[in-house]
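Colleague: No sequence on hand, only this structure:
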């Protein structure tokens, strides 16, 4: 019992610890399956001549086998970055416990699933495109106004040129 009078719930072991326990259990069962008795039966003639030597060879074999398996599993863990992935998965699971709404699950109808995933994205993208369109339309309106102002200025200059031309003639 905890100091506050309630029951203390021990934290669940992490996935890395569970994996290590599974490997240890596997090794124990492997050694049990390959017992000394079975080993001695396989090498009966040698066992009858040298029982102590047979035991020594068996012990070395088992030790080497366990070491080899542990090294291989450690190599797999290192190559696959399993320790970090196990811890990351533990963290994700822990964070998910505090979520109010349930996690997304497929409905079994692909069209509805894709629609539920894509519609919010497409609506957001549409509003972004509408905003860009509005900005471009305003920019085009300003450019069109400046073009009209430029045309008016050109027309004024042409009239001025014509007036001076007539004035010289």
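Modeller: Sure, I can see it. Small disclaimer: the values here were computed from a predicted structure and weren't measured.
Colleague: Next, residue 13: phi, psi?
Modeller: Recorded main-chain torsions at residue 13 are phi -70, psi 150, according to degrees, to the nearest 10.
Colleague: How about residues contacting stretch 55-63?
Modeller: Stretch 55-63 is contacted from outside by 31, 34, 36, 39-40, using Cβ atoms under 8 Å, 6 or more residues apart in numbering. (Each C-beta comes from the backbone N, C-alpha and C, glycine too.)
Colleague: Could you do stretch 32-48 as well?
Modeller: Contacts of stretch 32-48 from elsewhere in the structure, counted by Cβ under 8 Å, 6+ apart, are 51, 53-55, 58, 61-62.
Colleague: one more time with 6 Å, if that's ok
Modeller: Applying Cβ atoms under 6 Å, 6 or more residues apart in numbering, the set of residues contacting stretch 32-48 from outside is 54, 58.
Colleague: so where's the chain shaky on pLDDT?
Modeller: Counting by pLDDT under 70, the chain contains low-confidence residues at 1-11.
Colleague: Could I get the full set of helices for it?
Modeller: Read by DSSP state H, the chain holds these helices, from start to end of the chain: 15-33, 36-42, 44-49, 51-79, 82-97, 110-168.
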